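> Turn this into a model:
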Amino acid sequence: MSAVSNPFATSKKKVTQNDAFDIRDELMGDDLLVNGPMKPGLSPMLEAPGEAWAVSDVGPFEGLAVMGIHGGAGATTVAALLGDGATEVGQSWPISQNAWTGSAWPIPVIAVARTDHTGLAATDRFIRSWANGQLTGSQLSALVLIEAGPRTSDARKKATKRLLRMVPRGTHIPWMDSWLDAPPDPARLPGRIKRIIKLLNTPTP
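The predicted structure is shown next:
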């Protein structure tokens, strides 16, 4: 004899990993992005770095340029997460010359760094270069700071928050232990990171 289900019992919805899988960012709370100066010259006076940031011509270009601010920044990972419309361009500020006019075509640039001392120091130098008008020809769209470890000191948290607010759009990707074992699967990302990727793929005004 088969069991008859109780029609008055509360049914439990089956929750899949895709429905429930999300993460919290202790650094940013509920915010996905923070906003800052939309172009150079709008931020408080910052001392220009003594050494100019490298610039390279990436030729004809469409889509998002993903630039690593230092070696091992995670630009390859971010470009893969952003999808086919994004291309990693190395550590130089990318410019693309218009074949018809010979002038720079303002491609959107997403800069990426880790939150260790090397990454934060390089990011500070990059932002000072941008804020002082040394990086022209393309448009800084966003800064992505990727957490460098499972624990973050108060000093690095403070520095990360400060840097994220010094660019048009700043966002933070928390430590993802699973990414040490395998590259992130775009189909199985935490909801928070999916929402960040969607925002980064949205052009700035």
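> Please name the nearest non-neighbouring residue to the most centrally placed residue in the chain.
The centroid of the chain falls nearest to Val144 when counting by Cα atoms, centre = their mean (2.5 Å). Distances taken as Cβ to Cβ, 6 or more residues apart in numbering place Val112 nearest to Val144, at 4.7 Å, with adjacent residues excluded. Using the backbone N, CA and C atoms, a C-beta is placed for each residue, glycine as well.
> Go ahead and measure how far the top helix by length along the chain is from the middle of the chain.
Assignment by DSSP state H gives helix 117-131 as the longest helix of the chain. Relative to its parent chain, helix 117-131 has a centroid offset of 15 Å by Cα atoms, centre = their mean, to the nearest Å.
> Check stretch 150-169 too.
On Cα atoms, centre = their mean, the centre of stretch 150-169 falls 13 Å from the chain's centre.
> Check stretch 35-51 too.
That offset, for stretch 35-51, works out to 19 Å (Cα atoms, centre = their mean).
> Pro184: helix or strand, and which one exactly?
Counting by DSSP states H and E, no helix or strand carries Pro184.
> Now do it against Met45, distance only.
Distance, Pro184 to Met45, using Cβ to Cβ, to the nearest Å: 39 Å.
> if we can go back for a sec, could you verify that the residue nearest to the centre of the chain is part of a helix?
No. Counting by DSSP: H, G, I helix; E, B strand; the rest coil, Val144 is not part of a helix but strand.
> For it, name its beta-bridge partners.
Counting by DSSP bridges, Val144 is bridged to Val112, Thr171.
> quick one, what contacts it?
Contacts for Val144 (Cβ atoms under 8 Å, 6 or more residues apart in numbering) come out as 74, 78, 110-113, 170-173, 200.
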